[in-house]
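Visitor: need the 3D shape of this:
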Amino acid sequence: MIINNNQGAALAARVLGESSGALQKSLARLSSGSKIVSPSDDAAGTGVAMKFGAQINRIQAAKDNVGNAISFSQTQDGFLDKIGSALDRMSELAMLAQDETKTNADRDLYHKEYDKLDDFITAIKDKDFNGISLFSGGAMTVTVAGSGDTFATGAVALSKIGASTDVRSSGVATSASAAAAVTVLRTAISSIANDRAVVGANMSRLESESSALSVLKDNIGSARSRISDVDVAVESANFARQQILVQSGTAMLAQANVLPQSALRLIG
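Guide: Numbers count the residues shown, from 1 in each chain. Just a heads-up that it's a prediction; the model follows:
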């Protein structure tokens, strides 16, 4: 029996300290939900999770860009649809104006509506989306990936519509001009149909890109989760184990500190 050095107490104190540290780390993981509380827990995992996190943010930013481009295309299509409806009505008026049972005074009434519809169509050419012209005729470059890959949308110029075209200069004030207007309007309607097809193709591609970005983001998020997120069930079991070790270690340290006192019986 010795008094100056209590090896049992020193051993119990060391083990208790280790158990207490493990308990604190387990508590931090459960409270934060993160498996990596300190970079020392998993140095390589910390670096990989950080890169995954940055990639996820870039993907989300690209997805936002694509979403705005889809909204841009939807706005284009909405206006093109209204232009198509106006052209349909104008072609109907042109056909009605060719009725030989009507006078030029009657045709002038048709022409008033025809002219107002043409004003409506011409005004649409100048519409914009957040200051960006909808029908400038230039391709829009959209960033569709976190790596910076881009997609150039098909351009829509409304080349057959506007103040300087035959649609604007035609009319239905006479039977002859109404007949000429029908030909012009058929060409304009065909042009609008082509423009809507272009916009529809843009929307289809952009929606596919958005879906692909969502899948990529989910998969990278899952990979990051496996590295950095704590498994609550596993960590709860570990926490309970460390609690028991701390409690038993505390009890054994108390016992180890009492052992030297038995030497007093020998010298008492």
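Visitor: close enough to count as contact, Q55 and G146?
Guide: Yes. Using C-beta atoms under 8 Å, Q55 is in contact with G146, at 5.7 Å. C-beta: built from backbone N, CA, C; applies to glycine.
Visitor: what residue spans form the domains of this structure?
Guide: In the domain annotation for the chain, the residue ranges read 7-33+230-267, 43-228 (automatic domain parsing).
Visitor: could you identify which of those is most buried?
Guide: Most buried of the domains of the chain, by mean neighbour count (mean count of other C-beta atoms under 10 Å): domain 43-228, with a mean of 16.
Visitor: distance between the ends of that one?
Guide: Domain 43-228 has an end-to-end distance of 11 Å (C-alpha to C-alpha, to the nearest Å).
Visitor: how about A152, phi and psi?
Guide: In terms of degrees, to the nearest 10, the main-chain angles of A152 are phi -90, psi 120.
Visitor: scratch that, D195 is what I was asking about
Guide: According to degrees, to the nearest 10, D195 has phi -60, psi -40.
Visitor: report the contact partners of the residue nearest to it when sequence neighbours are not counted.
Guide: When the adjacent residues along the chain are set aside, D195 lies closest to V156, with 4.8 Å between them (C-beta to C-beta, 6 or more residues apart in numbering). Listed by C-beta atoms under 8 Å, 6 or more residues apart in numbering, the contact set of V156 reads Q76, L80, L134, F135, G137, D195, V198, V199.
Visitor: on the three-state scheme, V156 is what?
Guide: Taken by DSSP: H, G, I helix; E, B strand; the rest coil, the conformation at V156 corresponds to coil.
Visitor: spatially nearest residue to T150 (excluding sequence neighbours)?
Guide: Using C-beta to C-beta, 6+ apart, the nearest residue to T150 is T141, at 5.0 Å.
Visitor: how near is that neighbour to N65?
Guide: Distance of T141 to N65, given as C-beta to C-beta, to the nearest Å: 10 Å.
Visitor: show the pLDDT at the spatially most central residue of the chain.
Guide: By C-alpha atoms, centre = their mean, the mean C-alpha position of the chain lies nearest to K63, the distance being 3.4 Å. Looking at K63, its pLDDT reads 92.
Visitor: equivalent analysis for D106, please.
Guide: For D106, the model assigns a pLDDT of 90.
Visitor: let me know the helix or strand that it is in.
Guide: Element membership for D106 (DSSP states H and E) is helix 104-124.
Visitor: I'd like the distance from that helix to the chain centre, please.
Guide: 44 Å (C-alpha atoms, centre = their mean, to the nearest Å).
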